[in-house]
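S.K.: Show me the folded form of this:
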Amino acid sequence: MTAPWHVSGPLARRYAAGAAPETDAWSLEKHVESCAPCASRVSAAVRAGTAGPALAAVRADLLTSLGHAPATAGGSPADTTAHPTADGRAARPDPVAARIPLTPGTAHSPVEPDAGRLPAAPGAARSPVEPDATPVALTPGAHGAPAGGPLGRVVGRWARIGWAAGPALRGAWVVAVALVVGGAFALAHGAGFRGARSWLLAVSPLLPLAGVAVSYGRHADPLHEITAATPSGGLRLLLTRTAAVLAVCVPLLTAGGALLPPVAGFPGAAAWLLPGLALTLAALALGSFVGCRASAATLGGGWLLAVAGPLLGPQGQGAAGIARYFAGPAAQGAWAAAALACAALLALRRRSFDHLETYR
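M.R.: Numbers count the residues shown, from 1 in each chain. Below is the predicted model:
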């Protein structure tokens, strides 16, 4: 049987100094949620590090604002003796100072049995919650209780997954993808426009770029600062949202291209997949330097300039000009090599996403 894992002293010190690897930091943060000894070890390491004086100052300010004297340098605990209230009654020893951990080298004050109570304001009547108070049971549909039975829980779970997938799947981007596919289908079958297939193939690699641009960053997500600070933030969150974008646009665009009338000598409906993947990875890699929105706009503008000439030219020449970007082993092999190179650069730059857009 494997012995349970605990946080070692060296790991706690590396975490306090900000030098622990990402995976070790994630494991530590998850472990201390349920292990009090390791939480105390990490807390002691943080207080003993460079952040110790700042934490001690915050603690002293908090105690002062609550009307308590902070611990003295000699290690005496904060004053927990009884003080009379404004109406002359004797108050209980206030436990607030005892609940706040002291700085290294000071004695810890014992926690009073009624440590969950807050000090009463001067002249205010105290109404403590008794320890044996019976908790109120939540009925189905009440706040904090799951409603709707198993079906409601399943719907709620998928709603949370959809929300976590990113702003792109909750905004106008999904509508734009559907409009592009529907517009190409209507032009081909309703208006008899033979260039609909080439237009859809040329526009398809741009749609994942637009999805990436609106999926990550403070400009797109009002909770960006909170989500980026979590262990699952940074590149992991960006890759998750990028995968959600690709999971939506790949089947829609491929199926839409397959439903269009075929053109002799023109690439198939799936010919855009490697170019789209390469441009998406290039946007992520370039985004590690300038941000996702700027990188997607730069690459998208460059792609539009490359395909604008063939698209706006004569109909026959336009289809041939678009085909050279997608058709043949040489073109597809070049896109595959570009995708691998961008993926390698993204792996090398993965740590930059931990602080991305904190100063932009």
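
S.K.: how many neighbours does V154 have?
M.R.: 11 (other C-beta atoms under 10 Å). Quick note: C-beta positions are derived from backbone N, CA and C, even for glycine.

S.K.: and what of A327?
M.R.: Burial measure for A327: 16 neighbouring residues, criterion other C-beta under 10 Å.

S.K.: The chain should start at 840 in everything you say after this.
M.R.: Fine by me, first position is 840 from now on; the one you just mentioned is A1166.

S.K.: Can you give me the pLDDT of it?
M.R.: pLDDT recorded at A1166 is 87.

S.K.: just checking, it touches P1106?
M.R.: Yes. A1166 lies in contact with P1106 (C-beta atoms under 8 Å); the separation is 4.5 Å.

S.K.: so where's the stretch 1040-1189 of the chain uncertain?
M.R.: 1070, 1154-1157 (pLDDT under 70).

S.K.: one more time with 80
M.R.: Filtered on pLDDT under 80, the stretch 1040-1189 of the chain yields the residue ranges 1056-1057, 1059-1072, 1103-1104, 1152-1159.

S.K.: what about the helices in it?
M.R.: Secondary structure of the stretch 1040-1189 of the chain (DSSP state H, counting those that start in this stretch): helices at 1045-1052, 1063-1067, 1074-1097, 1112-1129, 1131-1151, 1154-1162, 1168-1187.

S.K.: Can I get these in JSON lines including mean neighbour count?
M.R.: Converted to JSON lines, the helices of the stretch 1040-1189 of the chain look like this (neighbours: other C-beta atoms under 10 Å):
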{"stretch": "helix 1045-1052", "mean neighbour count": "25"}
{"stretch": "helix 1063-1067", "mean neighbour count": "15"}
{"stretch": "helix 1074-1097", "mean neighbour count": "19"}
{"stretch": "helix 1112-1129", "mean neighbour count": "21"}
{"stretch": "helix 1131-1151", "mean neighbour count": "16"}
{"stretch": "helix 1154-1162", "mean neighbour count": "17"}
{"stretch": "helix 1168-1187", "mean neighbour count": "15"}
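
S.K.: Need those in JSON lines (columns: distance to V881).
M.R.: Shown next, in JSON lines, are the helices of the stretch 1040-1189 of the chain (distance: least, C-beta to C-beta, whole Å):
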{"stretch": "helix 1045-1052", "distance to V881": "36"}
{"stretch": "helix 1063-1067", "distance to V881": "22"}
{"stretch": "helix 1074-1097", "distance to V881": "22"}
{"stretch": "helix 1112-1129", "distance to V881": "30"}
{"stretch": "helix 1131-1151", "distance to V881": "33"}
{"stretch": "helix 1154-1162", "distance to V881": "58"}
{"stretch": "helix 1168-1187", "distance to V881": "29"}
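
S.K.: Which of these sits closest to E872?
M.R.: Distance to E872, taken as C-beta to C-beta, is lowest for helix 1063-1067 among these, at 17.6 Å.

S.K.: For the closest one, what is the distance to the chain centroid?
M.R.: Computed by C-alpha atoms, centre = their mean, to the nearest Å, the chain-centroid distance of helix 1063-1067 equals 6 Å.

S.K.: can I get the CA coordinates of that helix in PDB?
M.R.: Output in PDB follows, covering the C-alpha atoms of helix 1063-1067 (Å, rounded to 0.1, in the frame of the first residue of the first chain):
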ATOM      1  CA  HIS A1063     -10.100  36.700 -16.300                       C
ATOM      2  CA  GLU A1064      -8.100  37.900 -13.200                       C
ATOM      3  CA  ILE A1065      -9.800  35.200 -11.100                       C
ATOM      4  CA  THR A1066      -9.500  32.300 -13.500                       C
ATOM      5  CA  ALA A1067      -5.900  33.100 -14.500                       C
END
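
S.K.: quick one: contacts of that helix?
M.R.: Under the contact criterion C-beta atoms under 8 Å, 6 or more residues apart in numbering, helix 1063-1067 has outside partners Y1055, G1056, R1057, D1060, G1072, G1073, L1076, D1193, L1195, E1196.

S.K.: Run a quick neighbour tally on the third one.
M.R.: R1057 sits with 14 neighbouring residues when counted by other C-beta under 10 Å.
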